[in-house]
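K.L.:
Got a sequence here, can you model it:
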Amino acid sequence: MSSKFERRPAVSIWFSAPRTVELRTENARMPAAGEVRVEALYSGISHGSEMMVYRGEVPPELELDSSLATLQGSFNFPVKYGYANVGRVLDIGADVGDLTEGQLVFAFNPHETCYTVPASVLIKLPPEIDPRLGVFAANVETAMNAVLDAAPRLG
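P.N.:
Residues are numbered from 1 along each chain as shown. Model prediction:
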């Protein structure tokens, strides 16, 4: 599908040095095959990990979460970070059959107003949900992993 905008200005938050944050304007490109462009509605800020990045307390050689396609590289400044983004599908590339324009989605994506990602990284949210609640999907995943790692047993 095509959009009225080939390129769409997007504002991203970058941690450029310890205790220094910048807003940078970038262009969110049109999606290629298997990709989706999303316009952000809400982005959740993690007081724990993001404050550590802000203060420069994360070892710069430490990799970002390599299991997430949206977080590649290391914590070496400058770094674009964040991982709780809710938005609406803006454009859909070829070979993406299960999403529609306007659909509400969650992405483990940095703080930015518009972004293009593989469709496989998006989590569809129910249309009746308040989009602000969607940012807590990251917390739900963390809680679920804690339960699975603790392996609680009855008795």
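K.L.:
show me where the protein has strands.
P.N.:
Ranges of strands in the chain, per DSSP state E, are 8-17, 20-28, 35-43, 79-80, 85-92, 104-107, 114-118, 123-124.
K.L.:
What lies in contact with the longest one?
P.N.:
What that stands for is strand 8-17. 21-28, 37, 39, 53-54, 56, 77-82, 90, 110-115 (C-beta atoms under 8 Å, 6 or more residues apart in numbering). From N, CA and C alone the C-beta is placed, and that goes for glycine too.
K.L.:
angle of the helix or strand bottoming out on mean pLDDT in the chain against strand 85-92?
P.N.:
When the helices and strands of the chain are compared on mean pLDDT, DSSP states H and E, helix 137-150 comes out lowest with a mean of 77. For helix 137-150 against strand 85-92, the angle by axes from the mean of the first three to the mean of the last three C-alpha atoms, to 10 degrees is 110 degrees.
K.L.:
can you pull the buried residues of helix 137-150?
P.N.:
A137, A138 (16 or more other C-beta atoms under 10 Å).
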